[in-house]
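[1] Next comes the sequence, and after it the predicted model I'd like to discuss.
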Amino acid sequence: MGLLGPNGAGKSTTMRMLTGQAIPDSGNIEVLELTIPRQSKQARARMGVVPQRENLDEELTCRQNVAVWSTLLRVPRRERDAAVDRVLAAAQLTDRADSKASTLSGGMRRRLLIARSLVHQPSLVLLDEPTVGLDPQIRGDIWTLIDELRSSGVTVLMSTHYIEEAERLCDDVAVVSHGQVIAQGAPSVLVAEYAGVEALECFGSPERLNIVEARCRDLGFPSRRTGPTLSVLRAESIPLHVVEEFGEALRRPANLEDVFVRLTGERLEG
Amino acid sequence: MTIDEHSAISESAQPSIRAIEPSAFAGVFQREATLFRRSWPATTFGSIVEPTINLIAFGFGLGALVTSVQGIPYIQFVGTGTVATAVLFSSIFAGMYDTYVKRFYWKTYDGILATPVDVPELFIAEGTWIAVKAGLFGCAPLLIAILFGLPPSWGMLAIPFICFLTGLGFAFMGQWFSGIVPSMDAFTYVQSALVTPLFLLAGIYFPLSNLPQWVQTLALANPLYHCVNLVRDAVFGWQLEKDLGHVAALTIFAAIMCALAVRALRRKLID
């Protein structure tokens, strides 16, 4: 499950409400059939939380970082060593188990942060912007880790403002804007419903694009600005002679970003 | 997982008292112990060397002019008094700086509070940890005073516990300040306006009995004064009634500081 929205949409606040670290002014929250914040401690015992801002203990080694968390997360004493080894292996940090956290690369640090939250085999994992600020190839490593988690049957709730991340990793996406869920469904269903199969990306001068935009409105096709270009959605059903009218244009598959911008009028980063 | 909009029962359903669980303490202690295994030389050095220098400087410097105070050789008077200085320094500063850094810069508490540990458990556990260290560091000046001729006595075995109780109150006080200051710079005010008067007006270096009556009354509100008196009585002879009063004062101080610390830090950490 993914929460897709721009910065400030309320994704992190939602995550903090699920752990009882933010108390809602109104409304009820239930996590794993537990009422939050009243039973948030029980819920937290079954949740793994990966914060957006890293908070590893820099002076401790990878193994010590995870071991400390295994006590905090109440892994039975006899199982702790095995649990620590298991998650270090899953995060491919076995070789670096005895290195201090401060000596790790950005990607390793993020993997350690995720490993730490999995040491008690949670039923629900919250990932707040798990790949923000990482290089693209490192982002791939984190995606693999999340995908393995998902395949192992753990429920993953992830917030992101990266379209690609939501498309690749989420079975279900909630589009969030200004604290509201404005659409929810499988990425492909959302795309089909709100953006159609294809988008037509039109190039040209701003004046020209204004004309194209007005024409689309008359014909009933949704469109959105994508920087210097104009994307016309549901392009598969635009009559060919109209497409020729638009001049220089590129057909591409419709994506979640089209959905998002169409629904909110806002822009995501990345 | 569901989030819905009906708001009727949420507020009445929140109990105000939360259970304090040993396993939550175990987690916080393990973290501190693991970190301490790396940092103990520096922490211990600072907490022991400073009071020791104090003791030697005053003991010999002033001790050359003042041979005895209240029938006690001056170096023994200062040696027992400096125990309180060691406790104060190792608890209030750890409470202030460490708590502030962990909350504001390292975001450690955001991580811990996402595990099954609640705000009161977290800070009572951390305060207790600081107090345990203060209990041990407080004994250093005493050992040095023994080297300089203070006769060992059975009462001395109570000193780690006196130091623990005092350290607990000052650790919570430090935590409380860390939760109410606008920035770390404000700790300078705490140091000048509070810490310095506290240890100068506790009867560590000179007895308060020569000072005006109003100063002596004021000293009753100084937890460190009660600590100093307890330490001296442990070494030179208990005065049961007075000493129970000192213990009560230190206990009340710790309880009030604990409540203030938890309240201030909950405000900072739970939105």
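    Done, it's in.

[2] mind checking how far the residue in the stretch 151-271 of chain B that chain A sits nearest to is from A:Ile23?
    Ranked by CB to the nearest CB, the top residue of the stretch 151-271 of chain B for proximity to chain A is B:Asp271, at 3.8 Å. All C-beta spots, glycine's among them, are computed from the backbone N, C-alpha and C. Counting by CB to CB, to the nearest Å, the gap from B:Asp271 to A:Ile23 is 7 Å.

[3] which residues sit in contact with the spatially most central residue of chain B?
    The centroid of chain B falls nearest to B:Gly167 when counting by CA atoms, centre = their mean (2.4 Å). B:Gly167 makes contact with B:Val87, B:Ser90, B:Ser91, B:Ile130, B:Ala131, B:Val132, B:Lys133, B:Ala134, B:Gly135, B:Gly138 under the criterion CB atoms under 8 Å, 6 or more residues apart in numbering or on different chains.

[4] Phi first, then psi, for residue 207.
    I'll assume chain A. A:Glu207 adopts backbone torsions of phi -60, psi -40, taken as degrees, to the nearest 10.

[5] do you know how far it is from chain B?
    46 Å (CB to the nearest CB, to the nearest Å).

[6] So B:Ile48 is in contact with B:Ala140, correct?
    Yes: B:Ile48 lies in contact with B:Ala140 (CB atoms under 8 Å); the separation is 4.2 Å.

[7] Need the residues touching each of those two.
    With CB under 8 Å, 6+ apart as the test, B:Ile48 and B:Ala140 both reach B:Ala86.

[8] Pull up the residues of the stretch 101-250 of chain A that are close to chain B.
    A:Leu124, A:Thr155, A:Leu157 (CB under 8 Å from any CB of the partner chain).

[9] Dump those residues into CSV; add pLDDT as well.
    Shown next, in CSV, are those (pLDDT from 0 to 100):
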residue, pLDDT
A:Leu124, 93
A:Thr155, 91
A:Leu157, 93
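
[10] These in strands, which ones?
    Among these, the members falling in strands (DSSP state E) are A:Leu124, A:Thr155, A:Leu157.

[11] Looking at those, which is nearest B:Leu198?
    A:Leu124 (48.1 Å; CB to CB).

[12] isn't that closest one right up against A:Val49?
    No: A:Leu124 sits out of contact with A:Val49 when judged by CB under 8 Å, with a separation of 9.3 Å.

[13] Tell me which of these two has more neighbours.
    A:Val49 (26 against 18; other CB atoms under 10 Å in any protein chain shown).

[14] and the more buried one, which of the three is it?
    strand (DSSP: H, G, I helix; E, B strand; the rest coil).

[15] what's A:Ser205 sitting at in phi/psi?
    Note on A:Ser205: its backbone torsions stand at phi -70, psi 160 [degrees, to the nearest 10].

[16] count of residues packed around it?
    Neighbours of A:Ser205 (other CB under 10 Å): 9.

[17] What distance do you get for it to chain B?
    With CB to the nearest CB as the criterion, A:Ser205 and chain B are 46 Å apart.

[18] Then A:Leu263?
    From A:Leu263 to chain B the distance is 19 Å (CB to the nearest CB).

[19] A:Ser102 now?
    If you measure A:Ser102 against chain B using CB to the nearest CB, the figure is 12 Å.

[20] show me what contacts the residue nearest to that residue when sequence neighbours are not counted?
    If the residues on either side of it in the chain are set aside, A:Ser102 comes closest to A:Glu58, at 4.1 Å by CB to CB, 6 or more residues apart in numbering or on different chains. Going by CB under 8 Å, 6+ apart, A:Glu58 touches A:Lys100, A:Ala101, A:Ser102.

[21] Got phi/psi on the last one?
    In other words, A:Ser102. Taking degrees, to the nearest 10 as the convention, A:Ser102 sits at phi -70, psi -10.

[22] what number of residues lie near it?
    A:Ser102: 11 neighbours (other CB under 10 Å).

[23] Pairing partners for A:Arg251 in the sheet, please.
    Listed by DSSP bridges, the beta-bridge partners for A:Arg251 are A:Leu200.

[24] Next to chain A, which bits of the stretch 101-250 of chain B? Give me the list.
    Counting by CB under 8 Å from any CB, the stretch 101-250 of chain B comes close to chain A at B:Trp106, B:Lys107, B:Thr108, B:Asp110, B:Gly111, B:Ile112, B:Leu113, B:Ala114, B:Thr115, B:Pro116, B:Val117, B:Asp118.

[25] among these, which ones are buried?
    B:Trp106, B:Lys107, B:Thr108, B:Asp110, B:Gly111, B:Ile112, B:Leu113, B:Ala114, B:Thr115, B:Pro116, B:Val117, B:Asp118 (16 or more other CB atoms under 10 Å in any protein chain shown).

[26] Same list, these, but as JSON lines with secondary structure and pLDDT please.
    Below are these laid out as JSON lines (DSSP: H, G, I helix; E, B strand; the rest coil; pLDDT from 0 to 100):
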{"residue": "B:Trp106", "secondary structure": "coil", "pLDDT": "93"}
{"residue": "B:Lys107", "secondary structure": "coil", "pLDDT": "94"}
{"residue": "B:Thr108", "secondary structure": "helix", "pLDDT": "95"}
{"residue": "B:Asp110", "secondary structure": "helix", "pLDDT": "94"}
{"residue": "B:Gly111", "secondary structure": "helix", "pLDDT": "94"}
{"residue": "B:Ile112", "secondary structure": "helix", "pLDDT": "95"}
{"residue": "B:Leu113", "secondary structure": "coil", "pLDDT": "95"}
{"residue": "B:Ala114", "secondary structure": "coil", "pLDDT": "94"}
{"residue": "B:Thr115", "secondary structure": "coil", "pLDDT": "94"}
{"residue": "B:Pro116", "secondary structure": "coil", "pLDDT": "93"}
{"residue": "B:Val117", "secondary structure": "coil", "pLDDT": "94"}
{"residue": "B:Asp118", "secondary structure": "coil", "pLDDT": "93"}
